[in-house]
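Participant: sequence below, structure please.
(one chain, ligands or ions: 1)
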Amino acid sequence: MGGERIEFEGVEGLRVGRFGSHLNTTCILYRLGSLVVDTGPPNQWPTVRGFLRERAVDRVIVTHHHEDHSGNLGAIDAELNAEVCAPAAGVEPLAEGFRLRGYQRIVWGTPGPVRSRPLPDTIPLADGGALRPLPAPGHSADMTCFFEPSRGWLFSGDLYIASRTRYLRADESIGDTIESLRQMLELDFGTLFCSHRGPISSGKEALRRKLAFLEELCGRVAELHARNRSEKEIARELLGREDWMRWVSFGHFSKRNLVLGCLDEAVGTSRGGS
Ligand SMILES: [Zn+2]
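Facilitator: Model prediction:
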């Protein structure tokens, strides 16, 4: 069975992906007793199924509808006797399908449609604690974090990934991400369970670093914009040249998108994204 096993503070994890262990092409699912958070991408179903069949699964919840997180929800619904839940805003795209670009189909595979239930307000854990779903839009409109106050855990989906972001998806909102980071930083947590980076014991520090980085970047982008520099020039000066990420994603992930997102946040220009 493939996949890299993770064990942290009693939470099990499985990192799966088609192309080795690279951060951007793998995704982690976490298991807390009979509850599973996120499902991995559809092309990793045999590995994910092996992991899930190790013990009974009562409920599977996803942080957002993106295919690397929700891609096996349909297969789980069909094969396991588990309740499948998604953020309310993700239920419709999951049931009706959403646009996938060529690179996404190659890296992650194509998920089948699934009828999921909206997340309940609180999700009890077998040993007494509970997860509280908290909206954290920005990366996607339905992005949701799960907070466990008694342990001080935050399952952060794709809110974090890295402190120093270099790229942005064309459909992400920097302003919403900044607001979500501020809101999550109000919570009393220690460990961040990131879907790509893995468990981070100084999770609050990590979120703070990301917030500070984005706020500073927005300020510097606005400064250069005021001096009539083009988006391309600003991107090159602050983030370096575009690289393979832009080419393989046909512009869906790019440094230019990050500059546009910062401009949108700092000076309210409308996004042209590709
Ligand atoms: Zn995502």
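
Participant: for the stretch 51-200 of the chain, which residues are neighbours of the ion?
Facilitator: Within the stretch 51-200 of the chain, the positions adjacent to the ion are H66, D158 by Cβ under 5 Å from the ion. From N, CA and C alone the C-beta is placed, and that goes for glycine too.

Participant: where along the stretch 51-200 of the chain do the strands fall?
Facilitator: For the stretch 51-200 of the chain, applying DSSP state E, counting those that start in this stretch gives strands covering 59-61, 83-86, 117-118, 123-124, 130-135, 144-148, 153-157, 168-169, 191-194, 198-200.

Participant: ranking these by burial, who's on top?
Facilitator: Here the criterion is mean neighbour count by mean count of other Cβ atoms under 10 Å, and of the strands of the stretch 51-200 of the chain the winner is strand 153-157, at a mean of 28.

Participant: coming back round to it: how about a markdown table for the strands of the stretch 51-200 of the chain, with mean pLDDT added?
Facilitator: Listed next are the strands of the stretch 51-200 of the chain as a markdown table, based on pLDDT from 0 to 100:
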| stretch | mean pLDDT |
| --- | --- |
| strand 59-61 | 98 |
| strand 83-86 | 98 |
| strand 117-118 | 98 |
| strand 123-124 | 97 |
| strand 130-135 | 98 |
| strand 144-148 | 98 |
| strand 153-157 | 98 |
| strand 168-169 | 93 |
| strand 191-194 | 98 |
| strand 198-200 | 97 |
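
Participant: would TSV of those with distance to E265 be doable?
Facilitator: Converted to TSV, those look like this (distance: least, Cβ to Cβ, whole Å):
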stretch	distance to E265
strand 59-61	29
strand 83-86	27
strand 117-118	29
strand 123-124	32
strand 130-135	18
strand 144-148	20
strand 153-157	20
strand 168-169	11
strand 191-194	23
strand 198-200	25
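
Participant: which residue does the stretch 101-250 of the chain bring closest to the ion?
Facilitator: Using Cβ to the ion, the single residue of the stretch 101-250 of the chain nearest to the ion is D158, 4.0 Å away.

Participant: quick one: that residue and C145, what's the gap?
Facilitator: The spacing between D158 and C145, counted by Cβ to Cβ, to the nearest Å, is 10 Å.

Participant: quick check: neighbours shared by those two?
Facilitator: Residues touching both D158 and C145 (Cβ atoms under 8 Å, 6 or more residues apart in numbering): T63.

Participant: for whichever residue of the stretch 1-150 of the chain sits closest to the ion, which non-adjacent residue is spatially closest?
Facilitator: Using Cβ to the ion, the closest approach of the stretch 1-150 of the chain to the ion is made by H66 at 3.4 Å. Nearest non-adjacent residue to H66, counting by Cβ to Cβ, 6 or more residues apart in numbering: S140, 6.2 Å away.

Participant: and the pLDDT for V57?
Facilitator: What the model reports for V57 is a pLDDT of 97.

Participant: pretty sure it sits against V36.
Facilitator: Yes. Applying Cβ atoms under 8 Å, one finds V57 in contact with V36, separated by 5.6 Å.

Participant: who's more crowded, the two?
Facilitator: Each of V57 and V36 has its neighbours counted (other Cβ atoms under 10 Å); V36 has more, 27 against 20.

Participant: ok, the more buried one to E172 distance?
Facilitator: Distance of V36 to E172, computed by Cβ to Cβ: 26 Å.
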